[in-house]
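Colleague: what follows is a predicted structure for the sequence shown.
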2 protein chains.
Amino acid sequence: MEGHIQIITAIDHMQQQARRLLQTGKTIAFVPTMGYMHEGHLGLVREGREHGDTLIISIFVNPTQFGPAEDFQAYPRDLDRDVRLAASEGVDIIFAPEAEAMYDTAYQTYVDLELLPRYLCSASRPGHFRGVATVVTKLFNIVKPHVAIFGEKDYQQLVIIRRMVRDLHFDIRIIGVPIVREPDGLAMSSRNAYLSEEERESALSLFQAVQQAEKNVAQGVRDASQLIHEASELIRSYPYTKIEYVALCDPETLKNVDRVDGPTLIALAVWVGKTRLIDNTILEPIEN
Amino acid sequence: MEGHIQIITAIDHMQQQARRLLQTGKTIAFVPTMGYMHEGHLGLVREGREHGDTLIISIFVNPTQFGPAEDFQAYPRDLDRDVRLAASEGVDIIFAPEAEAMYDTAYQTYVDLELLPRYLCSASRPGHFRGVATVVTKLFNIVKPHVAIFGEKDYQQLVIIRRMVRDLHFDIRIIGVPIVREPDGLAMSSRNAYLSEEERESALSLFQAVQQAEKNVAQGVRDASQLIHEASELIRSYPYTKIEYVALCDPETLKNVDRVDGPTLIALAVWVGKTRLIDNTILEPIEN
């Protein structure tokens, strides 16, 4: 497959190419990424391959979804490696635009949601989901996919994209792909590259807290504050950790719940040293 | 032509139809309207016919662009007449969705611009252009046009749509059509139907103020405050009039200008009785 991959940087070139594909009856599957690909991305890419004649990924570290104090400059980048990985997975086109073309000097249009961005990550990342909804809208209009693939690791993002697609009538099917984990359970993330060896140990606390909550729910615990308390205690027992939130909420509205009475999202954001990590799962109580 | 027009109300049906047209290589021209069509709309429709194999118009009185104290309920509607007029002008498809389908109960996504909506009409109509940008995004995603036609009468709207299309990379060409006027100069508007016979007389003051400004500029007047003052005096000399704004601004950024040193938008909004009317033109100073 390698060698046949096409790299497009110009927006109008990508649009022409997409138009041509649609006119010849091809279906387009799309995986938006910020690059620095790992097994998590490759899971999305493999899923994408099942859903389109042509598989397009974008690689774009989107400035508008980073806060002023966040790691936009430091965010890891390695386009050469990404191209090799994408080619080996049968990606047809990489769309890798320049930030200046995506946001010109008179740029001023944003897509925002009124409710879903207010929960979970938004307290610490104001404007983040506005940046995400906006860049995804732009990428959809450029790449014109039939199907787009997103990871469940960014669960709030996935819920927001699904709602945005319904509200704005994007004629695009959204597919969520389960979290891919390291052998020891750490959720794959480009930001894992920031972790020191000792921090890497503490980073395991996120998945362990998730697993403990699953076990508690299986054993009949339903009270949200008890589940949150125990998860938080577990995380705090590791050095270098600082909890941003541990939340139990409705998987569609993201509103906090008091009890686990049906499928319930447990979502957490934890700083390990200077690295912010997230994890989540859906808790499924089995009534007895 | 009559009888061949197709009326579609379901969003997914319209999307299927658009997809089918694109797959067969047809170009789609689109005229979004709120219905109650007059010669102004027909001008847009005739322009649209020049730009696509298939001509689609939408008829949708969009609730999110009306303020709580505005005339959403009272806005004139006459679908049967609109269908006859559209058919006689060679429209192929009328897309006339229900408000409940366009905005479901969990609806929460909006498209907004940071600067352009702050000028001119926004002081009296907060949220209006957010509603416009949002519904136009939705309609673009449903109708999938190559070309979309808008009237220059709603000049601020046209500027906002153009900017939004650039910023969000809609692969759509936007065409602006000059104002269509009654024989005596009144700009065509569905809201003219609200005017009493006496108010109808006073409504002429808008175009007369515009014409006077053109004459003043032709005679060498460049000072914005003088031009605004004279236009305002003229309007105030008519009964039932109440000026909301008379503004001279840059036709792209909509920022107020002090002097007419190049093509300059004169835009006005005037209440005549209980009816809010707008008018505008581009003043073109000829250097001597």
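Modeller: Ah, there it is. Numbering: from 1, shown residues only, chains lettered A, B, ... in the order given.

Colleague: show me the contacts for the residue of the stretch 151-288 of chain A found nearest chain B.
Modeller: Going by Cβ to the nearest Cβ, chain B is nearest to residue A:167 of the stretch 151-288 of chain A, at 3.6 Å. No exception for glycine: its C-beta is placed from N, CA and C like everyone else's. Residues near residue A:167 by Cβ atoms under 8 Å, 6 or more residues apart in numbering or on different chains: A:113, B:107-109, B:138.

Colleague: tell me how far the helix or strand containing it is from the chain's mean position?
Modeller: Element membership for residue A:167, per DSSP states H and E: helix A:155-168. Put simply, helix A:155-168 sits 12 Å off its chain's centre (Cα atoms, centre = their mean, to the nearest Å).

Colleague: may I see the buried residues of it?
Modeller: Of all the residues in helix A:155-168, those buried under the rule 16 or more other Cβ atoms under 10 Å in any protein chain shown are A:155-161, A:163-165, A:167-168.

Colleague: tell me how chain A divides into domains.
Modeller: A:6-177, A:190-282 (automatic domain parsing).

Colleague: how about the helices in chain A?
Modeller: In chain A, the helices defined using DSSP state H lie at A:11-23, A:39-49, A:79-88, A:99-102, A:128-143, A:155-168, A:197-218, A:224-236.

Colleague: in the fourth one, what counts as buried?
Modeller: The neighbour-count criterion (16+ other Cβ under 10 Å) identifies residue A:102 as the buried residues of helix A:99-102.

Colleague: same check, this time on the last one
Modeller: When burial is assessed from 16+ other Cβ under 10 Å, helix A:224-236 yields the following buried residues: A:224, A:227-228, A:230-232, A:234-235.

Colleague: would you confirm that residue A:164 contacts residue A:111?
Modeller: Yes - Residue A:164 is in contact with residue A:111 according to Cβ atoms under 8 Å; the separation is 6.6 Å.

Colleague: tell me, what's touching the two both at once?
Modeller: A:133, A:137, B:109.

Colleague: enumerate the residues of chain A near chain B.
Modeller: A:11, A:15, A:19, A:22-23, A:25, A:104, A:106-116, A:133-134, A:137-138, A:141-142, A:144, A:163-164, A:166-171, A:253 (Cβ under 8 Å from any Cβ of the partner chain).

Colleague: ok, of those, which come out buried?
Modeller: By 16+ other Cβ under 10 Å, the residues of chain A next to chain B give A:11, A:15, A:22, A:107-113, A:116, A:133-134, A:137-138, A:141-142, A:144, A:163-164, A:167-171 as buried.

Colleague: about what we covered before: okay if I get the domains of chain A as JSON lines plus mean pLDDT?
Modeller: Output for the domains of chain A, formatted as JSON lines (pLDDT from 0 to 100):
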{"stretch": "domain A:6-177", "mean pLDDT": "95"}
{"stretch": "domain A:190-282", "mean pLDDT": "96"}
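
Colleague: mind putting those into CSV with distance to residue B:45?
Modeller: Putting the domains of chain A into CSV (distance: least, Cβ to Cβ, whole Å) gives the following:
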stretch, distance to residue B:45
domain A:6-177, 23
domain A:190-282, 41
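
Colleague: between the ones you listed, which gets nearest to residue B:195?
Modeller: Proximity to residue B:195, assessed across the domains of chain A by Cβ to Cβ, is greatest for domain A:6-177 (35.3 Å).

Colleague: distance check, residue A:233 against residue A:248.
Modeller: Per Cβ to Cβ, to the nearest Å, residue A:233 is found 15 Å from residue A:248.

Colleague: ditto for residue A:236
Modeller: Distance, residue A:236 to residue A:248, by Cβ to Cβ: 18 Å.

Colleague: over to the most centrally placed residue in chain A: give its phi and psi.
Modeller: Nearest to the mean C-alpha position of chain A, by Cα atoms, centre = their mean, lies residue A:154 at 3.5 Å. Main-chain torsions, residue A:154, degrees, to the nearest 10: phi -90, psi 70.

Colleague: nearest residue to it other than its sequence neighbours?
Modeller: residue A:278 (7.3 Å; Cβ to Cβ, 6 or more residues apart in numbering or on different chains).

Colleague: repeat that for residue A:110.
Modeller: What sits nearest to residue A:110 in space, not counting adjacent residues and going by Cβ to Cβ, 6+ apart, is residue A:134, at 4.9 Å.

Colleague: which ones are touching that neighbour?
Modeller: Neighbour list for residue A:134: A:64, A:109-112, B:168 [criterion: Cβ under 8 Å, 6+ apart].

Colleague: wait, which of these is closest to residue B:219?
Modeller: Distance to residue B:219 across the contacts of residue A:134 (Cβ to Cβ) is lowest for residue A:109, with 39.6 Å.

Colleague: point me to the residue of the stretch 1-150 of chain A nearest chain B.
Modeller: residue A:109 (3.6 Å).

Colleague: these two touch, right, that residue and residue B:116?
Modeller: No - counting by Cβ under 8 Å, residue A:109 does not reach residue B:116; the two are 9.1 Å apart.

Colleague: any common contacting residues for the two?
Modeller: Contact criterion Cβ under 8 Å, 6+ apart; residues shared by residue A:109 and residue B:116: residue B:163.

Colleague: neighbours around residue A:83, how many?
Modeller: 19 (other Cβ atoms under 10 Å in any protein chain shown).

Colleague: so how far is residue A:225 from residue A:248?
Modeller: With Cβ to Cβ as the criterion, residue A:248 and residue A:225 are 9 Å apart.

Colleague: no further questions, thank you.
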